[in-house]
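Participant: please work out how this folds:
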Amino acid sequence: MFSLVTLGITIGNSAASVAVLHALVNSIVLPGLINMDFSDIRAVMMNGGWGAAGVNVADGPDRCVKAAEPAFRSSLLPEVYIGSPTAAGILVDVAGHDISLSEIDDMFAVVCRGLADETIVVVGHTPDASLGNRARVTLIATGRRSLMA
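Facilitator: I've put the predicted structure just below:
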C-alpha cells in the first residue's frame, strides 16, 4: 500500500527529495486555486515502475513556464528527463503567491508537450507567500518502464 511515509523513505534525505515530499504534502493539506487530494496522488503513483522528480523556481513574466522547463531535469538524477513519453503519470505542484489560472494553464501546456495521450497528469496549486513574485514547480513522473527512457 502506498503512503507518504513510504515515499519519504524511498526518496531519501537529500534537500531535493525533502522539497519534493514537502510539495506533495502541501498540495494536499493547503487550500489553493487547484487542490489535489490523496486519491489524485495515489492514482498517479500506484502504476509502479521507476519514478523521477524535479523542482525549480523562477520569477518574472511566464514564471510558471520558466520554472517548469528546467524542472524536467531531475534535481535528484540530472541525467534523467522527467517528461519522458514512457511516464504513466505526472504530478505537478505549482507553488507561489498571486499565481493566476492562466499562468498554470500555460505551464500545463508545456508539461503535457511530448507526453503519451494516456499519461495521467494531475496539477495542484499551493499558496506560498514566502516565494514573493517567484513560482516553484515540482514535477514527479511515475510508472516509467526505465529510469533513462
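Participant: is it correct that Gly51 is in contact with Met45?
Facilitator: Yes: A contact is recorded between Gly51 and Met45 when judged using CB atoms under 8 Å, the distance being 7.5 Å. From N, CA and C alone the C-beta is placed, and that goes for glycine too.
Participant: residues near Arg73, how many?
Facilitator: A count of neighbours around Arg73, defined by other CB atoms under 10 Å, yields 17.
Participant: please name the bridge partners of it.
Facilitator: The partner list for Arg73 in beta bridges (DSSP bridges) reads Tyr81.
Participant: that older thread, overlap in contacts of Gly51 and Met45?
Facilitator: For the pair Gly51 and Met45, residues contacting each of them under the criterion CB atoms under 8 Å, 6 or more residues apart in numbering are Ile140, Thr142.
Participant: so these two - more neighbours on which side?
Facilitator: Between Gly51 and Met45, counting by other CB under 10 Å, Gly51 is the more crowded of the two (26 against 22).
Participant: what helices or strands is the helix or strand that one falls within leaning on?
Facilitator: When secondary structure is defined by DSSP states H and E, Gly51 falls within strand 50-58. In this structure, strand 50-58 packs against helix 15-29, helix 63-71, strand 135-144, with contacts taken as 3 or more CB pairs under 8 Å, 6 or more residues apart in numbering; DSSP states H and E.
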